[in-house]
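Peer 1: any chance you can model this:
(one chain, ligands or ions: 1)
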Amino acid sequence: MRDTVGPSILRPVDPTRSPRRRAIYEVAAATGPRSPNRGGALIAAYAKAFATVCLAFGTATCSGARGTGEATPDATSEVAAAAALVSAFTGASGEWVDLTYSFSESTTYWPTADGFQLDTVAFGTVDAGYFYSAFNFSSAEHGGTHLDAPVHFAEGHLAADEIPLDRLIGPAVVVDVQDRVRPTSANADADYLVTAEDLQTWEAVHGRLPDGAILLLRTGWGSRYGDPTAYLGTELTGPDAVPELHFPGLDPDAARWLVGERAIAAFGIDTPSIDYGQSALFETHQVIYGADIPGFENVANLETLPPTGSFVVALPMKIEGGSGAPLRIVAFVPEGT
Ligand SMILES: [Zn+2]
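Peer 2: Sure, this is the predicted structure:
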């Protein structure tokens, strides 16, 4: 008898949904393993079914699944996500990349925040002869690669433990504005505000920002990470440092355009804050988080991602009621994207 406790992807779908989704389910249900303990195999069966059905339902929506190119500009987030999953779980092609900085005493935190601390509880061979290590750690929520929960700047909005998983896992797009910021030149514009026009320039090449996409902004500032003075714009620490911060960020008007005209799932950036360093009101924080869109800050290695076609998994520590949390963010990059 077919089990009914497997992953939700193999449960019967609402018959009012698309014929393609229904067909994917039917193929997967007919070919998938029957043991409820074989989740990986079930997902592989779903992926195989997707590829099969996708071929029958047209070519445009299948290009990502075959790893033959970027997501099409009009691709829906559902298709892009499924295509990336197929590539990942079938092992067809592609690689996982880490977008996370390690946490250590040298990790960059907001100037007024407590940094990361790791205290040794045990490290060495115990009397019984085996090796044992354990540590206590402490950290502010907002430091290193981390999540900003909407409640960080929007009272009554989502806390770290309340953000739906589909806002943290999904297809990603990378908007590269480093040519505007010129971070490697001596006269880099440390106070650059990324505008709605910058985002629209990207759309003119790659298509409309897909609904449900995780938008990652690459300013190039990440190349300075590891040199706190260059990265933050000041060598001061504590409250005195805050007015002296210099790094690029998202213009509040661009944030208002994103919230009003597009439907992204989450927003990440390769700087310490989604607002630029000289912000005093943190308007971009207020606008983005007021729309319950979570933020990712100090995102690493964005140069490894294509403009479209990657798939991000960004899972923060699940701090109950937290305004943010340390974040492990990774991306799957299908070959050929
Ligand atoms: Zn933060």
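Peer 1: CA only for contacts and neighbour counts going forward, please
Peer 2: OK.
Peer 1: where do the strands of the stretch 101-250 of the chain begin and end?
Peer 2: Under the criterion DSSP state E, counting those that start in this stretch, the stretch 101-250 of the chain contains strands at 117-125, 131-138, 146-148, 169-176, 193-194, 214-218, 249-250.
Peer 1: now do the first one: distance to the chain's middle.
Peer 2: In other words, strand 117-125. Centroid separation between strand 117-125 and its chain, computed with Cα atoms, centre = their mean, to the nearest Å, is 31 Å.
Peer 1: can you check the third one too?
Peer 2: Using Cα atoms, centre = their mean, we find the averaged C-alpha position of strand 146-148 to lie 10 Å away from the chain's own average C-alpha position.
Peer 1: in its sheet, what does it sit against?
Peer 2: Note on strand 146-148: by DSSP bridges, its sheet partners are strand 295-297 (antiparallel), strand 324-333 (antiparallel).
Peer 1: in TSV, list the ones you listed along with mean neighbour count and mean pLDDT.
Peer 2: Formatted as TSV, the strands paired with strand 146-148 follow (neighbours: other Cα atoms under 10 Å; pLDDT from 0 to 100):
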stretch	mean neighbour count	mean pLDDT
strand 295-297	27	98
strand 324-333	24	96
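Peer 1: redo the ones you listed as a markdown table? Include distance to residue 278.
Peer 2: Formatted as a markdown table, those follow (distance: least, Cα to Cα, whole Å):
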| stretch | distance to residue 278 |
| --- | --- |
| strand 295-297 | 16 |
| strand 324-333 | 22 |
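Peer 1: neighbours around residue 190, how many?
Peer 2: Counted with other Cα atoms under 10 Å, the neighbours of residue 190 add up to 22.
Peer 1: now it: how far from the ion?
Peer 2: Using Cα to the ion, to the nearest Å, one gets 19 Å for the distance from residue 190 to the ion.
Peer 1: quick check: residue 219 touching residue 248?
Peer 2: Yes. Using Cα atoms under 8 Å, residue 219 is in contact with residue 248, at 7.1 Å.
Peer 1: helices and strands of this structure: which one bottoms out on pLDDT?
Peer 2: Least confident helix or strand, the chain: helix 39-56 with a mean of 50, by mean pLDDT, DSSP states H and E.
Peer 1: nearest spatial neighbour of residue 243, skipping sequence neighbours?
Peer 2: Taking Cα to Cα, 6 or more residues apart in numbering, and ignoring the residues beside it in sequence, residue 243 has residue 278 as its nearest neighbour in space, at 6.6 Å.
Peer 1: go ahead and confirm the one you found touches residue 246.
Peer 2: Yes. Between residue 278 and residue 246 there is a contact at 6.0 Å, judged by Cα under 8 Å.
Peer 1: and for the two, which residues touch both?
Peer 2: residue 191 (Cα atoms under 8 Å, 6 or more residues apart in numbering).
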